[in-house]
Every structure is written in C-alpha cells, then in structure tokens.
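Quick one: sequence and predicted model below, then my questions.
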Amino acid sequence: MTDQQNHQVFQDKLHHLVADSPMSTLQLIVILMCFVLNMIDGMDILVVSFTATKLEAEWNLSKSELGLVFSAGLIGMMIGCLFMAPLADKIGRTSMLLISTTGVAISMLTTVIINDYALMLFLRLITGMGIGCLLPTMAAVATEFANEKSRNFSVAFFQAGWPIGAIITGLFVSWAVPIYGWRIAYLTAGIITAAMIPLIMLFMPESLEFLGKRQPKNALRRINKLLKSMGHAPVNTLPKKPVPIEKKATVLKLLDGKLKRPTILLWIGVFFSFMTLYTLISWIPNIATTSGMPFDLATYAGTALNVGAFAGTLVIGWLSAWIGLNRLLFIYMLSASAFMVIYANFSLSYPILFALILLIGFSVQGGMTGFYPTAARVYPHHIRASGIGWAMGIGRTGAIAGPALFGIIFDNGVSIQTLFIIFSVPLILSGAAAYFIPLRNLKQETN
C-alpha cells in the first residue's frame, strides 16, 4: 500500500476504537470540561446583556449605541469562527483552547478598569474573538472524544453549558450589580475564566484523530497514553506521514463535491437562527426593564430564556437518537416562531410571560444547538473544526445584524410586538434550510 493508504487505514483504526467502544472515564472528563468551558463562555459573552441597563444609564447610551456593544462581541465571534477556529485543525485543539481562553480572560479583566465607550467596543470584540474560536474547537473535541452512540448527545450536552452559564450570570447580576455596580460581573467572570487555563492543560489532551492525522512531536507516546487511558492496547509504530498534495483553500473544500449542498444549507440555517437567537439574548432583559419591570425581575426574564435553552439543548440531543437532526431542527424552529408570534399578540401576566419566554428559549436556542452536531456529522475530521467554524462564522453575521437592527428599528418607534413578529420569520427560514440537509451527510461516519 502507498503511504497515503497506510495512513488512512491507521486513521480508520483510531476512529473506530473511539466510535465503537464504551465511553471511558477520560472521555467523560473531556466532555465535562467542554461543558464547563462553554458554561464560562456563556458568562463572558452574555454578561453584557445582563448589565446593559446599568451601562446604558451610566454612560448615557442610546439604544443604537447599546446595540453596537452587543454586536461588537458578535463581530468578534464571527472573526474567531472564520479565521481562528480553522487553525485548530493545524496547531491542535488544546493549543487553540489555551490561546482563546487566555485572550478572553485578559479582555474581561481589563473591562473592569475602563470608562470609555470605544474601548468597551474593542474589548467586547476581543472577548468575542476568543469565544468564537472556542465554540467550534470544543465541538470538534466533543465529536472526536465521544463514541458513535453518544456523539450527538455529547455535542448537545457541551452546548448546554452556555445557558447554564447565562443562568448563573443572571442570578449573580441580579444580586451583585445593584450593590457593587456592573463592573463586579466582569471581574468575577474574568477570574473564573482565568482559572480554567491550568485545568485545560491538565484535562484536555489532543484527540486520537488529530494526533494520528497530524503526527506532532511525541505523537506515538501521546497516542499510546490516550489509548491506555481509554482501555485500549498501545500501537508499536506510526505509519509514515504522507506528503500533503492537496493545496485547495479550506473554504473551497467545504464547497467541494458532495459537501457543497449541506454546507450552503448549514450556512443559511445557522445565519437565520443566530439572527433571532442573539437578538433575544441581547435585548430581552433590556426590553423587560424598558417596559417597566423592576431590574431584578427583568434579569430573571433573561434567566428564564436560558433555563428553557438548557432544557431544549438536552432534549434535542436525546431525541436525535430517534429522530433525524434535520427534522428536529425544522420542528424546533417552527415552534419557536409560533411562540414569538403568541408573545407579540397577547397581553400576558408575568407568570405566563415568563413561561412563554422559557418556551422561546427551549425552541430557539435548543434548536440552534442542533446545528453543532449536524455540522460535526457533515464534515470529516481533517476539516471538522474548519467546517464548524465557517458554519458558525457565517451564522455570526446574522447574530451581528440582528441585535443592531433591532436597536435601530426600536429607536424609530416600532413596537415590541411588531419587532417580535418580524424576528420570528428568520426562524422559519432556518428550519426550512435544516430540513433539506441531505440525510446521507447526517448518517455518515465521521472519519
């Protein structure tokens, strides 16, 4: 056999050792670490939503200026997804996690000492870049460490950390910010983020698939250490690494051959789901306050959204074992659109309003989460982080446009009810795009 063929056989062997075996303690720890990291990411990116009212009052910001604060972090996430996350396919998942987490920690802690609107926009951009890189990288890690049986659930489970982080942030902010000011939220989140750096170094090894494909320094020793931790026999030698012959740009690989259709549909689906999701995440606490709800109660409105998101994320991961991801995404997005229309057209008491917000979170963010395992199954391992990163990066353009557009329309006197109807339409388009992703891509082995 040629070097290329020997290398592929070895890759297939490593893939099936993970895919066909029960989950080991190490694999469960890695998935849990992804969950915790994503939980902290939820704190870091959404803290601005929960502190927006205080920031708006202290710096005398208009709704449009506040919308730009929201969008700055989302622009950073787009840059991170498109241009930083693909590097994880080259330098390694763990290295990229360390670089990104360090950047986020520094930007969050620096926010505590500033008193300038332009600098706030810059720091939110840096925070977003780190988080935008972390999310696709963790999706690749969760995919490569989970076995075939639990892969969809593992990717969905790590995504469930985001709303948990948002819930904790909402509860903390409602208590601490009225007493200590909005900066305490950024200080706390920054310290927690920094604390994750040594934990990544201790508990986040590179995956077998990455080590086997790239063969970095000490690859054989690292592969055998992983195999031992997972309960498998060691390997004696590594196949000769073939000389790379394909020089096509990564984005062109994503649009090549049978990947073209699912890639375009993924981009459309993620774009429209992110447009509405991040509008809701960014504006719901502020809308509630503007409507006359007390600050602590308005914060709980954002928390209700994320409680629903956590439940929706776990449920979609569980249901995906029986129902195709494309059909699940279609059902989730249509349900979310219907809940938003109900919210817009009825006068509701606080308890019913909170219940409806919870259902919106369940369906919108739970549905959006389904795009991560979908993307992970569409792309082979050597371009997986790139594929997920580009899908989520394209989606971030919707996330950027949504909150900013909402703020501009809001400033021009359009009612909240009309705005909710307008922003329910992208969810229908997102669900339709997901429905038509070819099933063969979702059922394929991820090798």
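Ah, there it is.

Which is the succeeding secondary structure element to the helix or strand harbouring Ile388?
Per DSSP states H and E, Ile388 falls inside helix 384-411. The helix or strand immediately downstream of helix 384-411 is helix 416-422, counting by DSSP H and E.

got the buried residues for the helix holding Ile388?
384-407, 409-410 (16 or more other Cβ atoms under 10 Å). Where C-beta positions appear, they are placed from N, C-alpha and C, glycine not excepted.

how deep is Ser95 tucked in, by neighbour count?
When neighbours are defined as other Cβ atoms under 10 Å, Ser95 has 16 of them.

following whichever strand or helix holds Phe274, which helix or strand comes up?
Assessed by DSSP H and E, Phe274 sits inside helix 260-290. Toward the C-terminal end, the helix or strand that comes next after helix 260-290 (DSSP H and E) is helix 295-319.

what comes up buried for that next one?
Buried, per 16+ other Cβ under 10 Å, within helix 295-319: 295, 298-317, 319.

what does stretch 195-204 give?
196, 200, 204.

go on, stretch 211-224?
Under 16+ other Cβ under 10 Å, the buried positions of stretch 211-224 are 211-213, 215, 219, 222-223.

Over to stretch 69-88?
69-82, 84-88.

Also stretch 320-339?
Buried residues in stretch 320-339 (16+ other Cβ under 10 Å): 320, 324-326, 328-339.

Now for those residues: which two are most distant?
Using Cβ to Cβ, these reach their maximum pairwise distance at Gly324 and Phe339, which is 22.6 Å.

re earlier: which single one of the buried residues of stretch 195-204 is nearest to Thr418?
Met196 (41.8 Å).

give me the element that closest one is part of.
helix 183-203.

what is the rounded mean pLDDT of that helix?
Helix 183-203 carries an average pLDDT of 96.

Start the count at 20 instead of 1 going forward.
In the new numbering, first residue 20, that becomes helix 202-222.

who does it touch, helix- and strand-wise?
Packing partners of helix 202-222 (3 or more Cβ pairs under 8 Å, 6 or more residues apart in numbering; DSSP states H and E): helix 44-69, helix 112-130, helix 180-199.

and the angle from it to helix 180-199?
Interaxial angle of helix 202-222 relative to helix 180-199 (axes from the mean of the first three to the mean of the last three Cα atoms, to 10 degrees): 140 degrees.

Please list the residues outside helix 202-222 that contact it.
The contact list for helix 202-222 (Cβ atoms under 8 Å, 6 or more residues apart in numbering) reads 48-49, 52, 55-56, 59, 62-63, 66, 69-70, 113, 116-117, 120-121, 123-124, 127-128, 130-131, 188, 191-192, 195-196.

cool, stretch 106-124 as well?
56, 60, 63, 99, 103-104, 145-146, 148-150, 152-153, 155-157, 159-160, 163, 209, 212-213, 215-216, 219-220, 223-226, 229, 233, 235, 269, 401-405, 408.

one more time with 6 Å
63, 146, 149, 152-153, 156, 160, 209, 212-213, 215-216, 219, 223, 225, 404-405 (Cβ atoms under 6 Å, 6 or more residues apart in numbering).

Stretch 338-346 too?
171, 347, 389, 393, 453-454, 456, 461.

Check the gap between Gly209 and Arg346 for me.
For Gly209, the distance to Arg346 equals 41 Å [Cβ to Cβ, to the nearest Å].

host element of the most centrally placed residue in the chain?
Within the chain, the residue whose C-alpha comes closest to the C-alpha centroid is Leu154; the distance, by Cα atoms, centre = their mean, is 4.5 Å. Here Leu154 sits within helix 136-164, counting by DSSP H and E.

re the thing from before, which members of the buried residues of stretch 230-243 occur in helices, if any?
230-232, 238, 241-242 (DSSP state H).

Phe442 contacts Thr295, correct?
Yes: Phe442 lies in contact with Thr295 (Cβ atoms under 6 Å); the separation is 4.8 Å.

In terms of neighbours, single out the busier of those two.
Ranked by neighbour count (other Cβ under 10 Å), Phe442 and Thr295 place Thr295 first, with 29 against 23.

From Pro313, how far out is the more buried one?
Taking Cβ to Cβ, one finds Thr295 at 26 Å from Pro313.

same check, this time on Ile361
For Ile361 relative to Pro313 (Cβ to Cβ), the value is 24 Å.

Likewise for Lys277?
Counting by Cβ to Cβ, the gap from Lys277 to Pro313 is 54 Å.

got it, and Phe390?
Applying Cβ to Cβ to Phe390 and Pro313 gives a distance of 35 Å.

Which one's more surrounded, the two?
Phe390 (26 against 11).

thinking that one is in contact with Val289, fair?
Yes: if you go by Cβ under 6 Å, Phe390 and Val289 touch, sitting 5.1 Å apart.

follow-up on the earlier one: so can I have TSV of the helices and strands packed on helix 202-222 showing mean pLDDT and distance to Leu36?
Converted to TSV, these look like this (pLDDT from 0 to 100; distance: least, Cβ to Cβ, whole Å):
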stretch	mean pLDDT	distance to Leu36
helix 44-69	91	11
helix 112-130	96	18
helix 180-199	88	27
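
Out of those, the one nearest Pro258 is which?
That would be, of these and by Cβ to Cβ, helix 112-130, which comes in at 21.5 Å.

can I get the CA coordinates of stretch 154-161 in PDB?
Extracted C-alpha coordinates of stretch 154-161, given in PDB (Å, rounded to 0.1, in the frame of the first residue of the first chain):
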ATOM      1  CA  LEU A 154     -17.100  27.100  20.400                       C
ATOM      2  CA  PRO A 155     -16.100  25.300  17.100                       C
ATOM      3  CA  THR A 156     -13.000  23.900  18.700                       C
ATOM      4  CA  MET A 157     -14.900  22.400  21.600                       C
ATOM      5  CA  ALA A 158     -17.500  21.000  19.100                       C
ATOM      6  CA  ALA A 159     -14.600  19.200  17.300                       C
ATOM      7  CA  VAL A 160     -13.200  17.900  20.600                       C
ATOM      8  CA  ALA A 161     -16.600  16.600  21.800                       C
END
